Structure formats: structure tokens, C-alpha cells
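Q: Need the 3D shape of this:
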Amino acid sequence: MSSTAESAQPAPFTADDHRARMARAARSAAEAGLSGLLVAPGPDLVHLTGYQPVPTERLTFLVLVEGQDPVLVVPTLEAPDAERAAGGPALKLRDWTDGKDPYAVTAALLEGRGRYGISDNAWAMHLLGMQHELPGTTYTALTRALPMLRAVKDERELARLEAAGAAADATYREILKVRFSGRKETDVAADLAALLLDFGHSQVDFTVVGSGPNGANPHHEAGERAIEEGDMVVLDFGGLKHGYGSDTSRTVHVGQPTDEEQRVHDIVREAQQAGYEAVRPGATCQDVDRAARAVIDDAGYGAYFIHRTGHGIGVTTHEPPYMIEGEEQPLVPGMCFSVEPGIYLPGRFGVRIEDIVTVTETGGRRLNNTPRELAIVE
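A: Down below sits the predicted model:
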């Protein structure tokens with residue numbers, strides 16, 4: 001295996017970047033009929049402020065209300081870290097000390113009534129605490145109220161996603177050089193994880209290695225099965241580089257495939273191409289799913305394509321928008337998501353091919369560019 005030094009760090013996001021994001025979020029909330037937003041530690045807070053505290057039982061909430069300055073409610077002992085965050089200069093801090101009521105502190109920033117968006121990953125105890133403090137308020141999950149909050153990436157976010165995609169591509173090119181036959185799935189998964197880190201990832205989120213019948217489980221976790229000559233092997237791997245996600249899938253074969261295995265792989269490759277070609281501004285998310293699914297349906301394998309065609313990606317590897325029937329959200333330039341159709345034949349084998357795609361002014365652009373043909377490995 002070859003190695004490479006991590007590429008240069010991109011320029012950090014600025015206080016102005018975070019200020020603009022928070023203003024857009026507050027405006028979008030008002031347009032959606034919300035009185036404001038409560039953003040807990042997690043991906044939304046990182047995106048909006050650059051601040052990434054370790055989640056604990058102590059309440060931290062970013063309070064966004066259109067027409068008001070953003071306020072970050074934090075425990076006093078964490079206030080210095082919050083001030084040093086990229087979004088710190090764009091924020092007012094309201095800290096609370098142990099023994100004080102953080103819900104009363106937060107409630108003072110809100111109206112006594114209204115409907116607020118709250119982070120999906122907010123702790124139930126904090127949601128219940130706010131409901132108790134302000135019984136006239138109601139709450140809705142952010143991904144339900146503002147599903148496109150993080151969906152459209154700016155140029156610097158796209159650059160990070162491109163770098164993550166290139167690192168995942170380099171990982172795939174290297175994994176083709178290792179021996180598969182006679183080794184455990186966990187051995188190949190460990191190789192994938194090491195390569196992702198070698199090519200600059202700071203975090204490995206998943207390394208799916210589904211050999212033979214295990215490939216028919218889309219989210220199979222690499223196990224102790226020894227990979228054998230004649231196996232189809234689904235590889236799906238990714239993580240975070242520069243704070244943004246990678247996620248790619250390719251399917252390889254140990255030795256020469258049967259005619260059926262090659263035919264199924266060709267169908268999935270054609271479906272993946274059809275899904276990619278459906279990407280353009282103004283098309284809907286479900287159009288991408290329909291284009292890919294039609295190819296598999298027409299080939300007689302529709303019952304074996306058992307998941308959506310894609311998911312958004314950004315500061316997390318799964319986020320809105322989702323490429324699935326019923327999702328009528330129009331595609332706009334800057335959206336980034338996977339296109340990953342698959343066929344899964346229970347007890348036999350599976351095939352999946354996945355690229356991250358971004359919407360451009362004229363169509364789509366792949367952020368993964370390794371060959372999609374069935375690769376033969378030893």
C-alpha cells in the first residue's frame with residue numbers, strides 16, 4: 001500500500017460565514033412559521049457556529065430568532081471554549097452556573113408562546129424542561145421543519161467535500177491492490193480504515209465489507225467470514241476529512257464472475273448512471289430515485305432494490321435531502337448527495353455502486369471518480 005501526507009488544511013470558516021448562516025437559518029424559520037430555533041450540540045450547531053462541544057447533561061442551546069442577535073446559552077465552565085469557537089465573535093453568550101435553572105435562562109430569550117424548531121438530537125430532558133418552563137410553547141424537529149437547513153453547500157464546503165471524495169477514491173484504488181481471498185472481512189475493513197486515515201480522514205465512520213451472501217445485507221458489518229474465490233464483495237466506506245463527509249461504494253469480485261453476477265453488476269451500473277443523469281436544477285429528489293429504480297425494475301430485479309437511491313452529505317454522512325419516492329424537494333445548485341442503487345439477492349450476493357454528486361447550474365458533477373466497472377481482485 002502507498003501512503004500520502006494529508007493535504008493542506010483549507011482556510012477556516014470565518015465569523016462572517018457563521019453570522020450569515022445563522023441569519024439565513026433564522027429567516028428560514030420565520031418563513032416556515034416558526035417563532036425561532038433551539039439548536040443543541042451536534043451537526044447543526046457545528047454548521048451554524050463552528051462550535052462543537054462534547055454533549056453532556058448540561059444544557060447548551062443556540063437561540064435563533066429573526067430580528068434578534070443570536071445567543072448561545074452555555075454552562076459557565078464551557079463559556080471560554082464557546083468564545084474561542086469560529087462563531088464566537090458572531091454570538092452573544094448567556095452562561096449559567098451549576099445549581100441555576102438553565103431552562104429559565106433560555107426561556108427568557110423566547111416568547112411565552114409559539115412554535116419552535118429544535119435539533120433532532122436534543123436531549124429529551126432538555127425538551128421537556130423547556131416545555132415545563134414555557135407550557136405555551138410547542139416544538140418540532142429541525143429536519144422536519146427546515147429539511148434544507150444544511151443542504152446547499154457554498155464553495156468552501158464543496159471544496160471540503162471534494163477533498164473527502166478524492167481521499168475515498170484514493171482509498172479504493174489502493175484496496176484493489178490487497179489480497180482478498182483467504183482473508184477475513186474484518187481484515188479488509190481494517191485496511192480500508194487505515195487507508196482513509198492515511199489519505200487525510202480525521203474520522204472513519206464505516207467500512208462495510210460484505211462478501212458472498214453477506215453482500216445481500218446493505219449495512220452488513222464486517223465479520224469473521226473468510227472471503228473466498230468466487231465471492232462478490234460489496235465495499236462501502238467513508239468518514240470525515242476537514243469536517244466533511246465521504247461515502248462511496250464499489251463492488252469487486254474475487255476471480256472471474258459468472259455471467260449472472262456480471263449481468264447484475266451491469267444493471268446496477270446502468271441504474272447508477274441513470275440516477276446521475278437525472279440530476280439537474282429543478283428536478284426533484286424523487287426523480288433521481290425513479291430514474292435509477294426504473295432500470296432495475298425493467299430488468300426484473302425491482303424487489304431486490306430495498307433502500308432509497310441516496311442521501312445528503314455534509315458535516316454528517318447522512319442528512320437531508322433524500323433521494324426517495326415522495327420527496328418532491330427540487331434540486332438546486334450546491335446540494336450534495338449520494339446516488340447508490342443496489343441489488344441484493346438473499347443468501348447469494350449483493351451489488352452496490354455509489355458516488356457523491358453535487359448539483360451544478362447545468363446538471364450534476366460526481367465527487368467520486370473511480371471506475372464503476374466490476375473490478376477483479378485476488
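Q: now the strands: where do they sit in the stretch 101-250 of the chain?
A: All strands of the stretch 101-250 of the chain, identified by DSSP state E, counting those that start in this stretch, fall at 113-118, 136-141, 203-211, 232-241, 244-245, 248-254.
Q: Can you convert those strands into TSV and add a column each for distance to residue 155 and mean pLDDT?
A: In short, each C-beta sits where N, CA and C put it, glycine included. Conversion of those to TSV gives the following (distance: least, Cβ to Cβ, whole Å; pLDDT from 0 to 100):
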stretch	distance to residue 155	mean pLDDT
strand 113-118	27	95
strand 136-141	29	96
strand 203-211	23	97
strand 232-241	17	98
strand 244-245	13	97
strand 248-254	22	98
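Q: Using CSV, please lay out the ones you listed together with mean neighbour count.
A: Putting these into CSV (neighbours: other Cβ atoms under 10 Å) gives the following:
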stretch, mean neighbour count
strand 113-118, 19
strand 136-141, 15
strand 203-211, 22
strand 232-241, 25
strand 244-245, 26
strand 248-254, 24
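Q: I'd like those strands laid out as CSV, including distance to residue 13.
A: Converted to CSV, those look like this (distance: least, Cβ to Cβ, whole Å):
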stretch, distance to residue 13
strand 113-118, 22
strand 136-141, 25
strand 203-211, 18
strand 232-241, 15
strand 244-245, 11
strand 248-254, 25
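Q: For residue 223, which of the ones you listed is the nearest?
A: Distance to residue 223, taken as Cβ to Cβ, is lowest for strand 203-211 among these, at 8.6 Å.
Q: Paired strands for the closest one, with orientation please.
A: Here strand 203-211 is paired, per DSSP bridges, with strand 232-241 (antiparallel).
Q: angle of the strand it pairs with against strand 248-254?
A: Relative orientation of strand 232-241 versus strand 248-254 (axes from the mean of the first three to the mean of the last three Cα atoms, to 10 degrees): 150 degrees.
Q: ok, now which ones touch residue 304?
A: Applying Cβ atoms under 8 Å, 6 or more residues apart in numbering, one finds that residue 304 lies in contact with 296, 343-345.
Q: element containing the closest residue to it other than its chain neighbours?
A: Using Cβ to Cβ, 6 or more residues apart in numbering and skipping residues adjacent in sequence, the residue nearest residue 304 is residue 343, 4.8 Å away. Using DSSP states H and E, the element containing residue 343 is strand 342-345.
Q: List the buried residues of that strand.
A: Within strand 342-345, the residues that qualify as buried are 342-345, counting by 16 or more other Cβ atoms under 10 Å.
Q: for it, packing partners?
A: For strand 342-345, the packing partners by 3 or more Cβ pairs under 8 Å, 6 or more residues apart in numbering; DSSP states H and E come out as helix 259-277, strand 349-352.
Q: Please determine how far the residue nearest in space to the middle of the chain is located from residue 224.
A: The geometric centre of the chain, computed from its C-alpha atoms, lies nearest to residue 317 (Cα atoms, centre = their mean), at 2.1 Å. Distance, residue 317 to residue 224, by Cβ to Cβ, to the nearest Å: 26 Å.
Q: Please apply the same query to residue 110.
A: Residue 110 is 53 Å from residue 224, by Cβ to Cβ.
Q: higher neighbour count, these two?
A: residue 110 (20 against 8; other Cβ atoms under 10 Å).
Q: Give me the neighbour count for residue 354.
A: Other residues near residue 354 number 25, with proximity taken as other Cβ under 10 Å.
Q: whoops, I mixed them up, residue 346
A: When neighbours are counted by other Cβ under 10 Å, residue 346 registers 11.
Q: try residue 302
A: The local packing of residue 302 (other Cβ under 10 Å) involves 14 other residues.
Q: which of the residues in stretch 277-296 are buried?
A: The neighbour-count check on stretch 277-296 (16+ other Cβ under 10 Å) flags 278-281, 283-293, 295-296 as buried.
Q: show me what contacts residue 101?
A: Contacts for residue 101 (Cβ under 8 Å, 6+ apart) come out as residue 133.
Q: Phi first, then psi, for it.
A: Taking degrees, to the nearest 10, you get phi -90, psi 110 for the backbone angles of residue 101.
Q: wouldn't the residue nearest to residue 304 be in contact with residue 303 here?
A: No. At 9.6 Å, residue 343 and residue 303 do not qualify as touching, with contact defined as Cβ atoms under 8 Å.
Q: chain center to the helix or strand harbouring residue 16, what's the gap?
A: In the assignment (DSSP H and E), residue 16 maps to helix 15-31. For helix 15-31, the separation from the chain centroid amounts to 21 Å (computed by Cα atoms, centre = their mean, to the nearest Å).
Q: what's the next helix or strand after it packed up against?
A: Toward the C-terminus, helix 15-31 is succeeded by strand 36-39 as the next helix or strand (DSSP H and E). Counting contacts by 3+ Cβ pairs under 8 Å, 6+ apart, strand 36-39 packs against helix 15-31, strand 61-64, strand 113-118.
Q: Okay then, goodbye and thanks.
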